[in-house]
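K.L.:
Only the shape, not the letters, is given here:
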Ligand code: PAF
């Protein structure tokens, strides 16, 4: 596996290939990321992972400075997962001047759910993903479904800019207690970890109620939020939406339930397609 840190070295490394399959990451990798790499492997003639902690998608009170940077361990795991090439630029390499050109995703997709609680997040994500897909010459890009809204926003960006890239969603990997794998799970202490599976359990119970025919989504959402509060979480939202555009569901729509909540100082998200 080759590891490159500069754009010219990346261009050189990509020269022999026609169909890079790319997995963008911010590092601090876990099994969820490695599953995306394994999923990407048969989808291109070279499997590329990017590792870059993108300042543009963090808010002023977010964890940009403390976000774990674990390049050596990440590369060892990527190599074992069959990755061929890692692009891990410095900030100076990737943003040599202030990134004043930004991608601004449309409000209908981003002024709700995560966008409501993390102003500027999706603009930061789209801007970095646009740059990462361009410089890796991606023909396939794989993103985790745990970040459901992010995946939807990226799909729309790629479609509307006519980028010749297949955007593929990878299923969420979970711990044995059901906790969705996330780099931020590492922030949980032992007591919080014991409570953490409540997030997924609340979504599962809500899903069961919907499958049983309950269409009172507002009450189900409020019930799930109460349950989370009772087990020590501070929920930002639990929302039943339609899968195709995350708007309020109409009869017959395929549904997804999405949630974000804080446990202590850690904010986690999760979702379940119904
Ligand atoms: O999902 C992530 O890890 C990040 O948002 C991404 C897509 C790598 C962009 O920085």
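P.N.:
On my side now, so go ahead. Note that the coordinates shown come from a computational prediction; the quantities given were computed from them, not determined experimentally.
K.L.:
how about the residues of the stretch 1-150 of the chain that lie near the ligand?
P.N.:
Counting by C-beta under 6 Å from any ligand atom, the residues of the stretch 1-150 of the chain lying close to the ligand are 24, 25, 26, 54, 57, 125, 128, 129, 147, 150. All C-beta atoms are positioned from the backbone trio N, CA, C, and that covers glycine.
K.L.:
Run a quick neighbour tally on the first one.
P.N.:
Other residues lying near residue 24 total 25 when counted by other C-beta atoms under 10 Å.
K.L.:
before we move on, what SS does it have?
P.N.:
Secondary structure, DSSP: H, G, I helix; E, B strand; the rest coil: residue 24 is strand.
K.L.:
measure it to residue 128 for me?
P.N.:
Distance, residue 24 to residue 128, by C-beta to C-beta, to the nearest Å: 8 Å.
K.L.:
where do the contact lists of those two overlap?
P.N.:
Common neighbours of residue 24 and residue 128 (criterion: C-beta atoms under 8 Å, 6 or more residues apart in numbering): residue 52.
K.L.:
got the contact list for residue 85?
P.N.:
1, 2, 3, 4, 10, 13, 14, 46, 47, 48, 49.
K.L.:
Summarise which helices and strands the host helix or strand of the last one is packed against.
P.N.:
Translated: residue 49. Secondary-structure assignment from DSSP states H and E places residue 49 in strand 46-51. If contacts are counted by 3 or more C-beta pairs under 8 Å, 6 or more residues apart in numbering; DSSP states H and E, strand 46-51 sits against strand 20-25, helix 31-40, helix 71-80, strand 85-87.
K.L.:
Would you tell me which of these gets closest to residue 266?
P.N.:
helix 31-40 (16.3 Å; C-beta to C-beta).
K.L.:
who's in contact with the closest one?
P.N.:
Looking at what lies outside helix 31-40 - C-beta under 8 Å, 6+ apart - the contacts are 21-23, 25, 47, 49, 77-78, 80-83, 140, 142-144, 146, 168, 170-173, 180-182.
K.L.:
got a list of contacts for the helix or strand of the chain with the lowest mean pLDDT?
P.N.:
Lowest by mean pLDDT, DSSP states H and E among the helices and strands of the chain is helix 107-110, with a mean of 92. The contact list for helix 107-110, computed with C-beta under 8 Å, 6+ apart, reads 115, 122, 123, 149, 152, 153, 156, 245, 246, 247.
K.L.:
Among those residues, which pair sits farthest apart?
P.N.:
123 and 247 (20.3 Å).
K.L.:
returning to what we had before: show me which positions of the strand holding residue 49 end up buried.
P.N.:
For strand 46-51, burial by neighbour count (16 or more other C-beta atoms under 10 Å) applies to 46, 47, 48, 49, 50, 51.
K.L.:
same thing with stretch 227-247?
P.N.:
227-228, 231-233, 235-241, 246.
K.L.:
pLDDT and secondary structure added to the residues you listed, as TSV?
P.N.:
Formatted as TSV, these follow (pLDDT from 0 to 100; DSSP: H, G, I helix; E, B strand; the rest coil):
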residue	pLDDT	secondary structure
227	97	helix
228	97	helix
231	94	coil
232	94	coil
233	97	strand
235	98	strand
236	98	strand
237	98	strand
238	98	strand
239	98	strand
240	98	strand
241	98	strand
246	97	coil
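K.L.:
Among these, which pair sits farthest apart?
P.N.:
232 and 246 (27.5 Å).
K.L.:
Grab the most central residue of the chain for me.
P.N.:
residue 147 (3.6 Å; C-alpha atoms, centre = their mean).
K.L.:
Name the nearest residue to that one, ignoring sequence neighbours.
P.N.:
The shortest distance from residue 147 to any non-neighbouring residue, by C-beta to C-beta, 6 or more residues apart in numbering, is to residue 269 (7.1 Å).
K.L.:
May I ask which helix or strand encompasses that neighbour?
P.N.:
Residue 269 belongs to strand 266-273, assigned by DSSP H and E.
K.L.:
pretty sure residue 178 is in a helix, no?
P.N.:
No: Residue 178: not assigned to a helix; according to three-state DSSP it is coil.
K.L.:
for the helix ranked longest in the chain, packing partners?
P.N.:
Criterion DSSP state H: the longest helix present in the chain is helix 190-211. Identification of packing neighbours for helix 190-211 by 3+ C-beta pairs under 8 Å, 6+ apart yields helix 217-230, strand 233-242, strand 255-263, strand 266-273.
K.L.:
Done for today, thanks.
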